[in-house]
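In: Sequence first, predicted coordinates after that:
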Amino acid sequence: MSRRLVCAALYAALLLPAGVAAPPAPRPSQAAPTTTAPRTALSERVVAYQIDARLDAQKKIITATETLTYRNLTGQPLQTFPFHLFLNGFQPESTFFREIRQNGNRGPWEEKHRGGIEVKSLEVAGQGNLTSAIEFIQPDDGNPKDKTVFQVRLPKAVPPGASVEFRIAFESKLPETLARTGYKRDFIFAAQWFPKVGVWWRGAWNCHQFHYTTEFFADFGTYDVKLTVPQNYIVGSSGDELSSVANPDGTKTLTLRGEDIHDFAWTADPDYRVFEDSWQGSAGAVKIRALMQPDHESQAARYINALKGTLDRFDRWYGPYPYNRITVVDPARGSAAGGMEYPTLFTAGTSWLTPAGLRLPELVVEHEFGHQYWYGMVASNEFEDAWLDEGINSYTEVKIMDSLFGSKTSAINLWGLTFGDSDFQRLTYAVVADTDPMVRSGWQFMTGNAYGGVTYGKTAMVLLTLEGIIGEETLRRALRTYFMRYRFTHPTEEDFLKTVEEVSGQNLRWFFDQAVYGTQVLDYSVHRILSDPVDWFAEEREEKKGVTLYRSHVVVRRLGDFIFPVEVEIKFDNGETLREKWDGKDRWTRFTYVKKAKVVSATVDPGRKVPLDRNLFNNSVTREPDPAATRKLSNVWRVLVQMFAQALAWLA
Amino acid sequence: METPTKGVLAAGARLLLRGWRVLVWAYVVNLLVGIVAALPLAATISGILDHSLEAERLAKGFDLGAFFGLLMQPEVTMSNFVPGSFFVSLLYLVFMVFLTGGLLADYRRDQRLSFGAFLDACGTFFWRFVRLLLFMLLAMVPVGILFDLLNRGAAKIARNSPRDSVNYSLVLGCMVITALLFFAIRLWFDVAQIRAVAENEPKIRRALGKAFRMTIGNFFSLFWILLRIGIVALAGSAAALWFFVKVIRPEQVGLTIVFCQVFVFCWLAIRFWLRASETVWYQRKFPAPAAFAEAPILPGPAESEPLSLPAPPLATPSGDTSA
């Protein structure tokens, strides 16, 4: 999921008029069904869903039957099965809304935001109708009004290695989109729209309630979906479109199939403009499809170019993209469905006349595509270890955005204003640097901002700092190893950390204990620099450059509780530069020099290898002041006030 | 009779040039307001920036990462700067209300007013113009309500459209309509002020009523003056923005400061030009008897000979608060 903060900040800038980016636009096209032969399984395929669904476009209701075949690969008999009903989160007394309110949103309840899944019947092959055995549970917070998880106990346990078939009839009422899923006018985005079984993980069922900040966790498998929608609707989905048949009642039925994915989302909108392109990766050709909103056609090229650049770097740096398709959805205006990831499909977000220098569309495309790797294939538990997908993905986002647009201008390069993505990540982290450890479950963070700042921003800074310890190339190899080793599985945080240690050949526990498991704040500063003539006591003393001998002191302090070895660069007025190393353990250290030169400046972390340092302004001290920046900012404020005063004076 | 709008902008510009001292004084006070407002900010941030190499990201460009990083420093709290800046801006409004009487009295005369007469005019009309300001604020209330209603209506229409452009167009439309109404009211009160000075009208409500009829009856010619000056202002601003972005390098801080002050000065001059042009228009449209036109505006003896305002101190746009 992309952060709302960046969206808000960047969208604010969108109000500024400017020219739009106009790279050559891909050719609009009509969606054409494709035929895909079943492939060799990439995953264990624990689940196989067959869903026959019909959309009532007027009522925004999906009526469906679902057949779920679950393979018991747990090595033990299973008798109880939990299921997610995420759409039930869109009810006022749910945990989802409780957490929204807890985070300070005090908006009134609006009935249009009500959503839900009603299970009409649940049968288990060979075990009869178990609808009456459905029991809602609340494993996370005990909120009895939350109906986002139910469990059913089977009369007979499913033995290890055997399969069980659930037949579920259900009706999903889509909410007007408030977050991620629902409808807006004719736009439909159906995510978490069907009953989905939990994951047997670490020796127990893992099936969390629907939370404000957390996302989803599911087993890999196959999805065969028959979807009936009005004929004028253009559809995008997590599956290949195998066929499209027009029905006499003005609808059409699409046959869709997705393999080795752990979720199935789809979207439909009569207003979509379709743009297609392709990209050749190391695992074969990938068909790119962009479903654009009216008024956004000119930005399809921005989406697609960013997507190709991202695909290229992921393919080269971290591993092959094995699917043959990727769909980027431009959600409807005001739909709140932008910036979300689903297997082989994700939502982006832009606005009419977004200037080229404002890279919000590219940034969202990069981030959400990145989730195809860190969530889509390396399917870590998003409820409990969100940093493993959002955080790693924020790090790779920085690397790729920097690679595509330059490190200083990867987020904004407009009218002399610049903003790098890494700085953005650092700022989100810096405001909540000590609230929560990265390893906390998503809904247990102090606030939504703390969740975002730590999970996205801090993780990115931790990994960028890790680059400084083990090297950029080594970390890239570690990520590649992690991807190749754990794709199509559910790795834990230790799986990741141990992979990094293994590839780097270093024991990094001292770092992980503070950065990942702890809440220590890293902040080193140059406290003072001083050069004093050695013969300060002599009468009729005259200081001469290059002749007078000075005793110089540089005092460096550790202001935070994070212990980290740092480098200090000291520059002298004879041009000499020294680099000192300090283990950073004590609260301060002093470097003393006796030279025929004065200290000009001292800088902690001159190579900018420790972006985890919360405050960069105190990292350096110069002997001579340079008021240029102060003058510049004062000028900005002065002019703003002058213009404001003049505007007021129009009343005179 | 001379066509009221023909050559009115040129005549207004000549008046503006003739009264350049008043303009410069208004600018100097405006600059002082800015300097006073920026002083606390400069004092605070200089402690963070002046000895830090990180500040180069702001001095040699405008890196938003560094900028937001600065705003996150505990010492930098906007609530420490905003109220003071607002207060001095309000003082500037009061100053301009004071200045306007003298300015209009000066513009309506064939010759420059003496300093004493100018101050007399400022004082004589100050409270009248304060009352006018209050009336204008009252007149603005319905415009504000209308803006809110229009916005709500536009939002309702836009909600049903999948197109961004509909939303933007409607918002823009609301803003244009509101701006037109605002300017119409401003023209009405401009005329009321000019008339109050020209007729030495002590009864403000009567002045307003007559000015309203004058404005309504001559709205298009008045609006034509405003529109042309507005186009000049907007075109000039666009050119200035282009120059600022394309020509001035980020590290040229001194040049940036000078350029910004020239820009601020030009905006002030635009407002004065409009005032002068409106006065010319009024004099042509409603010429006073020759004897009246030459008579002193104020009760009391006329100045025996024109005196001039003392020249204001040279404005030092680059005068920096942080030094």
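Out: Structure's in. What do you need? Residues are numbered from 1 along each chain as shown, chains lettered A, B, ... in the order given.

In: Same question for stretch A:153-166: list its buried residues.
Out: Under the neighbour-count criterion of 16 or more other Cβ atoms under 10 Å in any protein chain shown, stretch A:153-166 has A:154, A:158, A:164, A:166 buried. The C-beta positions use only the backbone N, C-alpha and C, and glycine is treated the same way.

In: Within range of chain B, give me the residues from the stretch 151-300 of chain A.
Out: A:185, A:186, A:187, A:269, A:271, A:293, A:294, A:295, A:296 (Cβ under 8 Å from any Cβ of the partner chain).

In: if we can go back for a sec, nearest to chain B, out of the buried residues of stretch A:153-166: which one, please.
Out: residue A:166 (37.8 Å; Cβ to the nearest Cβ).

In: coming back round to it: for the buried residues of stretch A:153-166, which two are the farthest from each other?
Out: Taking Cβ to Cβ, the two most distant members of these are A:158 and A:166; they sit 10.7 Å apart.

In: list the residues that contact both of these two?
Out: Counting by Cβ atoms under 8 Å, 6 or more residues apart in numbering or on different chains, the contacts common to residue A:158 and residue A:166 are residue A:70.

In: where does the residue of the stretch 151-300 of chain B found nearest chain A land on pLDDT?
Out: Of all residues in the stretch 151-300 of chain B, residue B:164 sits closest to chain A, at 3.4 Å by Cβ to the nearest Cβ. You'll see residue B:164 listed with a pLDDT of 86.

In: Could you find the closest non-adjacent residue to it?
Out: Distances taken as Cβ to Cβ, 6 or more residues apart in numbering or on different chains put residue A:352 closest to residue B:164, at 3.4 Å, once the chain neighbours are dropped.

In: Now do the same for the one you found: helix, strand or coil?
Out: coil (DSSP: H, G, I helix; E, B strand; the rest coil).

In: so can I have TSV of the residues of the stretch 151-300 of chain A next to chain B showing neighbour count?
Out: Converted to TSV, those look like this (neighbours: other Cβ atoms under 10 Å in any protein chain shown):
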residue	neighbour count
A:185	17
A:186	17
A:187	25
A:269	28
A:271	19
A:293	24
A:294	19
A:295	23
A:296	25
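
In: wait, which of these is closest to residue A:336?
Out: The closest of these, once distances to residue A:336 are taken by Cβ to Cβ, is residue A:187, at 11.1 Å.

In: Not counting its neighbours along the chain, what's nearest the closest one?
Out: Residue A:187 sits nearest to residue A:332 (Cβ to Cβ, 6+ apart), 3.5 Å away.

In: quick one: the one you found is in a helix?
Out: No: assigned with three-state DSSP, residue A:332 falls outside any helix and is coil.

In: Identify the residues contacting it.
Out: With the criterion set at Cβ under 8 Å, 6+ apart, residue A:332 makes contact with A:184, A:185, A:186, A:187, A:269, A:271, A:293, B:162.

In: In the chain, where's the longest helix?
Out: I went with chain A, as the question did not name one. helix A:628-649 (DSSP state H).

In: nope, chain B please
Out: Scanning chain B for the longest helix, with DSSP H as the assignment, gives helix B:115-159.

In: is any part of that helix close to chain A?
Out: Yes: under the criterion of Cβ under 8 Å from any Cβ, chain A is reached by helix B:115-159 at B:129, B:133, B:136, B:137, B:159.

In: how much space between the fourth one and residue B:93?
Out: Residue B:137 sits 11 Å away from residue B:93, taking Cβ to Cβ, to the nearest Å as the criterion.

In: got any residues that touch both of these two?
Out: Common neighbours of residue B:137 and residue B:93 (Cβ under 8 Å, 6+ apart) are residue A:651.

In: re earlier: contacting residues for the residue of the stretch 151-300 of chain B closest to chain A?
Out: A:293, A:295, A:296, A:333, A:351, A:352, A:353.

In: Just the element for the single nearest residue of the stretch 351-500 of chain A relative to chain B, please.
Out: At 2.6 Å from chain B, residue A:423 is the closest residue in the stretch 351-500 of chain A, using Cβ to the nearest Cβ. Here residue A:423, judged by DSSP states H and E, is contained in helix A:421-430.

In: Quick one: residues contacting residue A:490.
Out: Counting by Cβ under 8 Å, 6+ apart, residue A:490 makes contact with A:199, A:201, A:217, A:379, A:380, A:381.

In: Likewise for residue B:201?
Out: Residue B:201 sits next to B:128, B:195, B:207 when contact means Cβ under 8 Å, 6+ apart.

In: Could you double-check that the first one sits in contact with residue B:200?
Out: No: under the contact definition of Cβ atoms under 8 Å, residue B:128 does not touch residue B:200, with a separation of 9.8 Å.

In: Tell me where the stretch 201-350 of chain A has helices.
Out: For the stretch 201-350 of chain A, the helices defined by DSSP state H, counting those that start in this stretch cover A:300-317.

In: residue boundaries of the strands in it?
Out: Ranges of strands within the stretch 201-350 of chain A are A:204-206, A:221-230, A:234-237, A:240-246, A:251-261, A:266-269, A:273-281, A:284-292, A:325-329, A:340-342, A:345-347, based on DSSP state E, counting those that start in this stretch.

In: With mean pLDDT and distance to residue B:286 as extra columns, can I get those in a markdown table?
Out: Listed next are the strands of the stretch 201-350 of chain A as a markdown table, based on pLDDT from 0 to 100; distance: least, Cβ to Cβ, whole Å:
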| stretch | mean pLDDT | distance to residue B:286 |
| --- | --- | --- |
| strand A:204-206 | 97 | 85 |
| strand A:221-230 | 98 | 68 |
| strand A:234-237 | 97 | 66 |
| strand A:240-246 | 96 | 76 |
| strand A:251-261 | 97 | 73 |
| strand A:266-269 | 97 | 62 |
| strand A:273-281 | 97 | 59 |
| strand A:284-292 | 96 | 59 |
| strand A:325-329 | 97 | 65 |
| strand A:340-342 | 95 | 66 |
| strand A:345-347 | 97 | 64 |
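
In: Can you say which of these is nearest to residue A:554?
Out: strand A:340-342 (47.5 Å).

In: so who does the most centrally placed residue in chain A touch?
Out: For chain A, the residue nearest the mean C-alpha position is residue A:390 (3.7 Å; Cα atoms, centre = their mean). By Cβ under 8 Å, 6+ apart, residue A:390 lies in contact with A:1, A:374, A:382, A:455, A:456, A:459.

In: Could I have the ChimeraX command that selects the buried members from the residues you listed?
Out: Burial among the contacts of residue A:390 is assessed by 16+ other Cβ under 10 Å; the matching ChimeraX selection reads:
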select /A:1,374,382,455,456,459
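
In: Centre of the chain to the helix or strand where residue A:157 lies, how far?
Out: Using DSSP H and E, residue A:157 sits within strand A:149-158. How far strand A:149-158 lies from its chain's middle: 34 Å, per Cα atoms, centre = their mean, to the nearest Å.

In: got a list of contacts for it?
Out: A:70, A:72, A:77-85, A:119, A:122, A:124, A:126-128, A:130, A:133-139, A:164, A:198, A:207-209.
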